[in-house]
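Visitor: got a sequence here, can you model it:
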Amino acid sequence: MSAELAVLEPQGDLERWARDFSLIYGAAQKLVTTSFVPRSFQGRSDEATAAILTGQEIGLKPMAALRAIDIINGTPAIRAIALRALVQARGHEIWTEESTATRAVVAGRRKGIDKVERSTWTMDRARQAELIGKDNWKKQPTAMLLARATSELVRLIASDLVLGLEYTAEELMDLGAATADEPKAAPKRTARRAALPARVAADEPELPPEEEPAPVAAPQPEAPELEWVETGDAD
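Guide: Presented below is the predicted three-dimensional model:
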């Protein structure tokens, strides 16, 4: 094979990525029309493709990526529970030592390292971070504390795993977005109707237009009466 032909052959990560993109985009166009993808990706093949590619980089299969990655305020974020699963799938260890409505302690260690790391989140710490008044913290304090402790621990023992995903979905929601981005509804198109004449009430029959009275002729002066006078010249 000549050197010229060798140059034309797809080589390297960028070419493989481009091929993957084309294949994934074609699949995403069909997936986003189904109810198997979250609402935030329905009808949005570009966003779904990006989520699948992002998931591929951190070890998530396509459908798992669509379920685990949220788009919040235009920023991709992975859920804390998905982070935990990824850590365990890579051979790292992570476990929960305590989880209550006031305190969460998550511990773990990187594969091949004996040192155990811990992350502790309490309601006092959440209060200092001005999180307590937010809706999720009022309704699900136990889950929110555990999510915070989990994401913090993952950064300690496996920061390479979440490279490019700076925040978890729960953390982004705390920063001000209440829910994942939803697709914008297309504006409704309405046909323009011609203006209709004023309607006549059903119980009031339409009356014919009144006829204008004929003009009255001006009175004519009467002709004077003629009087016959006899004269004496009659033959």
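
Visitor: now stretch 163-176: average pLDDT?
Guide: Stretch 163-176 carries an average pLDDT of 78.

Visitor: by mean pLDDT, flag the weakest helix or strand of the chain.
Guide: helix 3-8 (a mean of 46; mean pLDDT, DSSP states H and E).

Visitor: list of residues touching the longest helix that the chain contains?
Guide: Across the chain, the longest stretch assigned as helix under DSSP state H is helix 12-31. With contact meaning C-beta atoms under 8 Å, 6 or more residues apart in numbering, helix 12-31 is reached by Pro10, Val37, Phe41, Ser45, Asp46, Ala48, Thr49, Ile52, Leu53, Gln56, Pro62, Leu66. In short, each C-beta sits where N, CA and C put it, glycine included.

Visitor: same thing but 7 Å
Guide: With C-beta atoms under 7 Å, 6 or more residues apart in numbering as the test, helix 12-31 has contacts from Pro10, Val37, Ser45, Ala48, Thr49, Ile52, Leu53.

Visitor: would you mind measuring from the fourth one to Ala18?
Guide: In this case it means Ala48. 18 Å (C-beta to C-beta, to the nearest Å).

Visitor: between the two, who's got more neighbours?
Guide: When neighbours are counted by other C-beta atoms under 10 Å, Ala48 comes out ahead of the other of Ala48 and Ala18, with 27 against 12.

Visitor: ok, residues contacting the strand or helix carrying that one?
Guide: Assigned by DSSP states H and E, Ala48 belongs to helix 45-58. Contacts to helix 45-58, defined as C-beta under 7 Å, 6+ apart, come from residues 21, 24-25, 28-29, 31-32, 37, 41, 62, 64-66, 68-69, 71, 76, 86, 161-162.

Visitor: who are the packing partners of the helix or strand following it?
Guide: Later in the chain than helix 45-58, the nearest helix or strand by DSSP H and E is helix 62-68. Packed against helix 62-68, as judged by 3 or more C-beta pairs under 7 Å, 6 or more residues apart in numbering; DSSP states H and E, are the following elements: helix 45-58.

Visitor: now the angle from the helix it packs on to helix 12-31?
Guide: Helix 45-58 and helix 12-31 meet at an angle of 130 degrees, taking axes from the mean of the first three to the mean of the last three C-alpha atoms, to 10 degrees as the criterion.

Visitor: pLDDT averaged over helix 45-58 - what is it?
Guide: 91.

Visitor: in it, what's buried?
Guide: If you call a residue buried by 16 or more other C-beta atoms under 10 Å, then helix 45-58 has these buried ones: Ser45, Glu47, Ala48, Thr49, Ala50, Ala51, Ile52, Leu53, Thr54, Gly55, Ile58.

Visitor: could those go into CSV alongside distance to Leu145?
Guide: Putting the buried residues of helix 45-58 into CSV (distance: C-beta to C-beta, whole Å) gives the following:
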residue, distance to Leu145
Ser45, 37
Glu47, 30
Ala48, 31
Thr49, 34
Ala50, 30
Ala51, 27
Ile52, 31
Leu53, 32
Thr54, 27
Gly55, 26
Ile58, 24
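
Visitor: and which of the contacts of helix 12-31 is nearest Glu97?
Guide: Ile52 (34.5 Å; C-beta to C-beta).

Visitor: returning to that earlier point: from the contacts of helix 12-31, which two are the most distant?
Guide: Using C-beta to C-beta, those span at most 29.5 Å, a distance reached by Pro10 and Val37.
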